[in-house]
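Undergrad: Fold the following and give me the result.
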Amino acid sequence: MSRARRVVVLDYGSGNVHSAAKALERAGAEVEVTADRTAVMEADGLFVPGVGAFKAVMDQLRAVRGDELIDRRLAGGRPVLGICVGMQVMFERGVERGVDTEGLGEWPGVVTELPAEVLPHMGWNTVTPDPGSVLFDGIQDERFYFVHSFAAQEWLLDVIPPFPQPRLTWAEHGGRFLAAVENGPLSAAQFHPEKSGEAGIRLLSNWIGALD
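TA: Below you'll find the model as predicted:
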């Protein structure tokens with residue numbers, strides 16, 4: 001019998017850490033909620049939640065040196081999964097209500113407001129995964145739960161072979177935006193798997209199952 005994968009939910013002040021931890025446990029992981037450096041670095045996977053404003057999340061991350069921990073894990077090829085604003089901060093910058101904030105810079109691009117008549121984009125929506133997606137294996141036609149007004153609306157990273165091409169998943173609300181990205185050790189989703197019922201648990205299980 002294979003051992004359970006250990007996942008740390010990065011505890012930096014985000015409001016949805018406990019619901020995320022419960023969902024990860026349902027998906028089969030051993031879960032710890034902490035910002036302890038050793039635990040973060042040694043875990044099989046790091047889960048980065050995020051709710052609220054881009055700038056507030058970046059301030060909270062930097063306060064616990066979460067930006068350094070994320071960067072160091074990725075530099076070592078260690079898996080990280082960012083959710084909602086935890087996905088948005090992986091990009092270079094976020095612009096919200098005129099506030100331009102530097103992100104983690106793992107991916108090029110700017111997170112901006114969706115060009116939709118009704119915001120926030122709240123509720124269930126379909127997504128269009130890349131055919132090679134690991135996260136969406138077996139759940140390509142499911143709906144997922146979104147709560148956001150901002151998103152990355154283009155993909156600017158040019159990956160040159162032999163490095164594998166990122167797997168991009170798109171959704172629509174007023175225009176096309178990135179619903180998920182799988183790029184080497186770094187994966188992210190704009191929606192909330194922990195609020196997406198069985199489909200969300202399956203997605204987390206797919207991620208956990210792929211952890212080295």
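Undergrad: going forward, measure contacts between C-alpha atoms and count neighbours the same way
TA: OK.
Undergrad: And the helices in the chain?
TA: Remark: helices assigned in the chain by DSSP state H are 17-26, 37-42, 54-63, 66-75, 85-88, 197-209.
Undergrad: low pLDDT regions in this structure?
TA: Within the chain, the segments meeting pLDDT under 70 span 1-2.
Undergrad: on that earlier part again, wait, which of the helices of the chain is closest to residue 142?
TA: The stretch from the helices of the chain with the least distance to residue 142 (C-alpha to C-alpha) is helix 197-209; that distance is 6.4 Å.
Undergrad: Which strands or helices does the closest one pack on?
TA: helix 17-26, strand 143-148 (3 or more C-alpha pairs under 8 Å, 6 or more residues apart in numbering; DSSP states H and E).
Undergrad: Show the contacting residues for residue 80.
TA: 45-48, 70, 73-74, 185-187 (C-alpha atoms under 8 Å, 6 or more residues apart in numbering).
Undergrad: Equivalent analysis for residue 30, please.
TA: Residue 30 sits next to 4-7, 24 when contact means C-alpha under 8 Å, 6+ apart.
Undergrad: As a markdown table, those with distance to residue 15 and neighbour count would be great.
TA: Converted to a markdown table, the contacts of residue 30 look like this (distance: C-alpha to C-alpha, whole Å; neighbours: other C-alpha atoms under 10 Å):
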| residue | distance to residue 15 | neighbour count |
| --- | --- | --- |
| 4 | 26 | 13 |
| 5 | 24 | 17 |
| 6 | 21 | 22 |
| 7 | 18 | 27 |
| 24 | 16 | 28 |
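Undergrad: how close does residue 40 get to residue 127?
TA: 30 Å (C-alpha to C-alpha, to the nearest Å).
Undergrad: Give me the more crowded residue out of these two.
TA: Neighbours per residue, other C-alpha atoms under 10 Å: of residue 40 and residue 127, the larger number sits with residue 40, 24 against 20.
Undergrad: how near is the more buried one to residue 23?
TA: Per C-alpha to C-alpha, residue 40 is found 19 Å from residue 23.
Undergrad: Over to residue 10?
TA: For residue 10, the distance to residue 23 - C-alpha to C-alpha - is 14 Å.
Undergrad: Between the two, point out the one with more neighbours.
TA: Between residue 10 and residue 23, counted using other C-alpha under 10 Å, the more crowded position is residue 10 (27 against 24).
Undergrad: which residues does the more buried one contact?
TA: 17, 33-35, 40, 46-49, 66.
Undergrad: closest to residue 164 among these?
TA: residue 46 (21.4 Å).
Undergrad: So what pairs up with that closest one in the strands?
TA: Taking DSSP bridges as the rule, residue 46 bridges to residue 8, residue 80.
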